[in-house]
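>>> sequence-free structure coming up:
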């Protein structure tokens, strides 16, 4: 069931708390996050004005970050905005068995569709399950405005939403899923990705891909037994 989310960033209403929502970002600190395959947070990440922000600077360490906690079935919502031409992503059910976080978990693509070349390919456009499933349309707001992302992962069934519209859905292990994975970069390769997207539980990852990206109001609601 859908409930109204708090209007104040990085906060929960009493209704959200009752429904089982938890904040993954408190708006003030990096508590609950660490670098991928690291105990520390890369220097490219910081908290500014209530946003979890990635901005690369010369001489500072870079890299993706993940939640300390792991999640199986869940509903995840967050808001994001970026600078012109930027690229990022949200990886879910990620493990740490590969060199990169995207080598295990599916990625909800975040992109400036207008100024980044990936925007020309719907499989790499904002809201896509990167390289595997394309969104049905582009519902991104102009650069500099906040977009709301929602990911529902209930058992094998996954949905990607943006700004209140469902962009795609898939069922892990289905014939359709296998056909799409087979034509993607995640089909068994030198990366040894034969288990890509199959983990039933994992970390939530945020990608540091070079441009400036801001996240806020990152909330998750665990779902029992693949349902709600």
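Yep, that arrived. Predicted model only: the values in this text are computed from it and were never measured.

>>> give me the most central residue, this structure.
For the chain, the residue nearest the mean C-alpha position is residue 90 (1.7 Å; Cα atoms, centre = their mean).

>>> for that one, what are its contacts?
Listed by Cβ atoms under 8 Å, 6 or more residues apart in numbering, the contact set of residue 90 reads 76, 78, 107-108, 110, 149, 151, 204-207. Every residue, glycine included, has its C-beta placed from N, CA and C.

>>> please apply the same query to residue 101.
For residue 101, the residues meeting the contact criterion (Cβ under 8 Å, 6+ apart) are 36, 64, 66, 91, 94, 203, 205, 207.

>>> next one: it from residue 167, what distance?
Counting by Cβ to Cβ, to the nearest Å, the gap from residue 101 to residue 167 is 22 Å.

>>> helix/strand/coil for the nearest residue to residue 119 once chain neighbours are set aside?
Sequence neighbours aside, residue 113 is the residue nearest to residue 119 in space, at 3.5 Å (criterion: Cβ to Cβ, 6 or more residues apart in numbering). Taking DSSP: H, G, I helix; E, B strand; the rest coil as the rule, one finds residue 113 in the coil state.

>>> could you list the paired strands of whichever helix or strand residue 205 is part of along with their orientation?
Using DSSP states H and E, residue 205 falls within strand 203-206. Applying DSSP bridges to the sheet, strand 203-206 is found paired with strand 65-67 (antiparallel), strand 87-94 (antiparallel).

>>> ok, residue 116 touching residue 88?
No: in terms of Cβ atoms under 8 Å, residue 116 does not count as a neighbour of residue 88; the distance is 10.4 Å.

>>> compare the two and say which one has the larger neighbour count.
Neighbours per residue (other Cβ atoms under 10 Å) separate residue 116 from residue 88, with residue 88 holding more: 25 against 19.

>>> spit out the contact partners of residue 213.
With Cβ under 8 Å, 6+ apart as the criterion, the residues that contact residue 213 are 53-54, 80-83, 86, 88, 110, 206-207.

>>> now a ChimeraX select for only the buried ones of the residues you listed.
Of the contacts of residue 213, the buried ones go into a single ChimeraX selection, burial set by 16 or more other Cβ atoms under 10 Å:
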select :53,54,80,81,82,86,88,110,206,207
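
>>> quick check: the residue nearest to the centre of the chain vs residue 35, distance?
Counting by Cβ to Cβ, the gap between residue 90 and residue 35 amounts to 16 Å.

>>> then residue 142?
With Cβ to Cβ as the criterion, residue 142 and residue 35 are 31 Å apart.

>>> compare the two (neighbour count), which wins?
With other Cβ under 10 Å as the criterion, residue 142 and residue 35 differ in neighbour count, and residue 35 comes out ahead with 20 against 9.
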